[in-house]
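Colleague: predicted model, plus sequence, below.
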Amino acid sequence: MKVGVIGCGNVGSILAERQTSFEIVAAYDSIPERVAAFSDKYGAKPFSDIDVFLQEPLDIVVEVASIDAVKDLAEKVLLAGRDLILLSVGALADDAFREELLATAKHLHRRIHIPSGAIMGLDNVRVGKISRVDKLFLKTTKPPRSLHSDAHVSQCLFSGKARDCVALYPKNTNVAISLSLACGREADVELWVDPKAEQNMHEIFFEGEFGDAYIRICNLPAPENPATSYLAALSVLSLLESLESPLVIGA
Ligand SMILES: NC(=O)C1=CN([C@@H]2O[C@H](COP(=O)(O)OP(=O)(O)OC[C@H]3O[C@@H](n4cnc5c(N)ncnc54)[C@H](O)[C@@H]3O)[C@@H](O)[C@H]2O)C=CC1
Ligand SMILES: O=C([O-])CC(=O)C(=O)O
């Protein structure tokens, strides 16, 4: 499988280091030095023009860049006839943007894959779309370095709805939108900074017709970007691995 990557940062590099059943053949980034260094290190063809990038023979494009990148480039990827894996899920909090993007994908018979990212449980949170939900709450707690904070005591930075949280913290709470989209109901969110925390912790509280669930994910921050959990990169890798498998598990 030939993969094109948008975003040559932390996750992009982890994907490149761990390519197995796929090959990253093309890379695009808005910072030319970054895409050049990525290309030198991993052998992918470097691009600074998205239209030229999309002319490459790619089986799929993986976005691991930013919410702005999704807003600017996702439609172009679909129009170029490529499926898309999208990690900066916060972009889909914008209803008008999401609906237009999904209409394009449907019209062109393309698919947009959302990896599980930094959390677990998205598989069965989807029952929210076909059964009663009484509660969907995400509590995220991160160390100050993940949030560019100088807090000396634990404090709640945000309490409210998922889309308002990701608007304020676009590099830290994409998972709140993944949960909301999976469930078909906007999650309530609290974001905490805790100087005693060493991991990026996500706690999911889900209640409804099925009963109730509590999922706690204690993530090691990625070495090159502590805002991002290492699990997020692994989840893109495992999604890429699973795309061509005849056996589909938990999805
Ligand atoms: N869904 C989830 O569970 C998670 C999502 N994320 C998101 O995944 C994305 C990638 O994370 P990292 O690799 O850690 O970030 P990073 O900051 O290390 O790397 C991002 C790279 O993308 C490039 N970039 C940013 N905007 C761009 C644009 N408009 N066009 C082209 N290139 C652009 C940057 O120059 C940088 O090289 C981020 O948006 C992050 O918030 C991160 C963790 C979990
Ligand atoms: O990696 C994480 O812990 C979650 C994250 O940054 C996000 O959802 O944007």
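Modeller: Noted; the coordinates are in hand. Numbering: from 1, shown residues only. Ligands and ions are numbered 1, 2, ... in the order given.
Colleague: residue 26 bridge partners, please.
Modeller: residue 4, residue 45 (DSSP bridges).
Colleague: and residue 230, what does it touch?
Modeller: 14, 219-223 (CB atoms under 8 Å, 6 or more residues apart in numbering). Just so you know, the C-beta spots here come from the backbone N, C-alpha and C atoms, and that holds for glycine as well.
Colleague: now do residue 119
Modeller: 175, 178-179, 202, 204, 215, 217, 231.
Colleague: so the host helix or strand of residue 135, near ligand 2 or not?
Modeller: Taking DSSP states H and E as the definition, residue 135 sits inside strand 133-142. No: using CB under 6 Å from any ligand atom, we find that strand 133-142 stays clear of ligand 2, coming within 7.0 Å at best.
Colleague: returning to what we had before: keep the contacts of residue 230, but drop any that are not near ligand 2.
Modeller: By CB under 6 Å from any ligand atom, the members of the contacts of residue 230 lying near ligand 2 are residue 219.
Colleague: among the contacts of residue 230, give me the pair with the biggest separation.
Modeller: 14 and 219 (13.5 Å; CB to CB).
Colleague: all helices of the stretch 101-250 of the chain, in order?
Modeller: Assigned by DSSP state H, counting those that start in this stretch, the stretch 101-250 of the chain shows helices spanning 122-125, 162-168, 174-183, 230-242.
Colleague: so which of these is the most packed in?
Modeller: Burial of these is given as mean neighbour count (mean count of other CB atoms under 10 Å); helix 174-183 ranks first at a mean of 25.
Colleague: give the other helices and strands that that one contacts.
Modeller: For helix 174-183, the packing partners by 3 or more CB pairs under 8 Å, 6 or more residues apart in numbering; DSSP states H and E come out as helix 122-125, strand 133-142, helix 162-168, strand 200-208.
Colleague: parallel or antiparallel, list what pairs with the second one.
Modeller: Right, the one you point to is strand 133-142. Strand 133-142 is paired, per DSSP bridges, with strand 188-193 (parallel), strand 200-208 (antiparallel).
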